[in-house]
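Engineer: please work out how this folds:
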Amino acid sequence: MAGALTVLIVLLLLALFLAVQQLKGCDGRFAKRIIWERILFWASPVLFVALMIPYAHTWTVQRNNDEIVKQFSESINSSKQMFIDYEAYGEERIQSASLYMDDIILNMDSLEDEYYECGFIPGLESMQKENRIYALRIQLMSCDYDSLKVMATKWIDGANQGANVWNVFLLGNIEEIKSAITIWHSQLVSFSSTTYLGDTIQTMEDGRVLMQGGIVPFDNDGESIKNALDGLSSLSNLFTERGWPSLWGWLTGILCYVMLLYPWYTQDRNSNNPYKLIGYQSWKKQDSNPIISTGI
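Structural biologist: Got it, this is the predicted structure:
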């Protein structure tokens with residue numbers, strides 16, 4: 001869309017300034033064409049400014065380059081925090097399951113219902129506990145998780161290279177990274193959704209497990225992914241923030257206008273054309289013998 005808009009603006013600018021030039025150099029129908037020339041010439045500054053608004057905005061964005069690059073780097077690096085949060089969740093869940101089963105094994109007489117619900121067999125409790133903790137760790141921190149973390153970290157580091165506002169793909173990369181983070185988050189939630197007997201994360205005030213309950217998947221409140229995405233989302237505001245054009249925007253804009261108007265200035269008027277942009281050519285007032293005039 002940005003490319004199509006750029007092509008459209010270029011074509012409109014060319015049409016505008018070429019039309020003014022051609023009208024000045026016309027060889028007939030002078031009275032009608034001078035009207036159009038005057039209209040387009042005096043309207044050209046206004047039309048030029050309107051068409052160059054996206055160009056001026058480029059310099060507004062460039063003025064925020066340091067802040068954009070800094071926030072971009074911080075935001076995509078903060079997405080790594082999601083994996084740190086997941087690992088903390090996994091360790092807490094493994095520790096809670098271990099404490100819960102220890103509590104049941106040690107207090108099997110008073111927690112008889114829970115003992116049989118966990119499927120413990122007298123004399124084999126320790127082995128059963130170790131097997132379940134091992135299975136839980138494999139489920140939460142398996143090779144699949146390691147592969148995902150390595151791939152995601154490498155991808156993030158690669159996306160962070162060469163970040164600057166002149167990189168036309170930067171804003172597109174932001175949306176791509178947000179999409180990738182969402183996919184990674186879904187995979188982490190999937191890893192954490194399988195439960196085992198004795199698996200729990202509910203604890204008492206003194207830190208001991210109270211009872212087995214429904215397992216809460218990773219980032220059930222969405223806080224981790226929200227933190228990962230918020231910084232990237234706020235970058236869009238820096239790209240779309242409107243402001244007064246910078247000095248470079250003014251200087252280069254004026255230079256562009258002068259260069260586009262220069263062919264019109266150097267274009268000769270037909271020697272038989274009695275009109276100028278303002279008034280008439282000088283020979284019209286002096287005598288009836290036309291002379292070649294290059295006046296504006």
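Engineer: go ahead and flag the most central residue of the chain.
Structural biologist: Centroid check for the chain by C-alpha atoms, centre = their mean gives residue 174 as the closest residue, at 3.2 Å.
Engineer: next, the buried residues of the host helix or strand of that residue.
Structural biologist: Residue 174 belongs to helix 170-191 when elements are defined using DSSP states H and E. Across helix 170-191, burial judged by 16 or more other C-beta atoms under 10 Å covers 170-171, 173-174, 177-178, 180-181, 184-185, 188, 191. Glycine gets a C-beta too; all of them are placed from N, C-alpha and C.
Engineer: avg pLDDT for that helix?
Structural biologist: Per-residue pLDDT values across helix 170-191 average out to 83.
Engineer: so which elements touch it?
Structural biologist: Secondary-structure packing of helix 170-191 (3 or more C-beta pairs under 8 Å, 6 or more residues apart in numbering; DSSP states H and E): helix 65-78, helix 81-106, helix 143-159, helix 223-240.
Engineer: quick one: neighbours of residue 235, just the number.
Structural biologist: Residue 235 has 19 neighbouring residues, counting by other C-beta atoms under 10 Å.
Engineer: and it, what does it touch?
Structural biologist: The neighbours of residue 235, taking C-beta atoms under 8 Å, 6 or more residues apart in numbering as the test, are 68, 71-72, 75, 171, 174.
Engineer: any weak-confidence spans in this protein?
Structural biologist: Applying pLDDT under 70 to the chain flags the ranges 160, 162, 168-172, 197-215, 281-296.
Engineer: how is it partitioned into domains?
Structural biologist: Annotated domains of the chain cover 2-64+244-286, 68-240 [automatic domain parsing].
Engineer: what is the end-to-end distance of the longest one?
Structural biologist: In this case it means domain 68-240. Start and end residues of domain 68-240 are separated by 12 Å (C-alpha to C-alpha, to the nearest Å).
Engineer: residues touching the nearest residue to residue 184 once chain neighbours are set aside, list them.
Structural biologist: Using C-beta to C-beta, 6 or more residues apart in numbering and skipping the chain neighbours, the partner closest in space to residue 184 is residue 152 (5.4 Å). Counting by C-beta under 8 Å, 6+ apart, residue 152 touches 79-80, 83, 180, 184.
Engineer: okay, now residue 237: neighbour count?
Structural biologist: Per other C-beta under 10 Å, the neighbour tally for residue 237 reads 8.
Engineer: ok, now residue 271?
Structural biologist: For residue 271, using other C-beta under 10 Å, the count is 13.
Engineer: now do the SS call for it.
Structural biologist: Here residue 271 is recorded as coil under DSSP: H, G, I helix; E, B strand; the rest coil.
Engineer: give me the phi and psi angles of it.
Structural biologist: phi -60, psi -20 (degrees, to the nearest 10).
Engineer: distance of it relative to residue 38?
Structural biologist: Residue 271 sits 20 Å away from residue 38, going by C-beta to C-beta, to the nearest Å.
Engineer: residue 17 now?
Structural biologist: Applying C-beta to C-beta to residue 17 and residue 38 gives a distance of 15 Å.
Engineer: those two: who's more crowded?
Structural biologist: Remark: of residue 17 and residue 38, residue 17 carries more neighbours, 22 against 16, as counted by other C-beta under 10 Å.
Engineer: quick one: that one and residue 262 touch, right?
Structural biologist: No: the pair residue 17 and residue 262 does not pass the contact test of C-beta atoms under 8 Å, sitting 9.3 Å apart.
Engineer: that'll do, ta.
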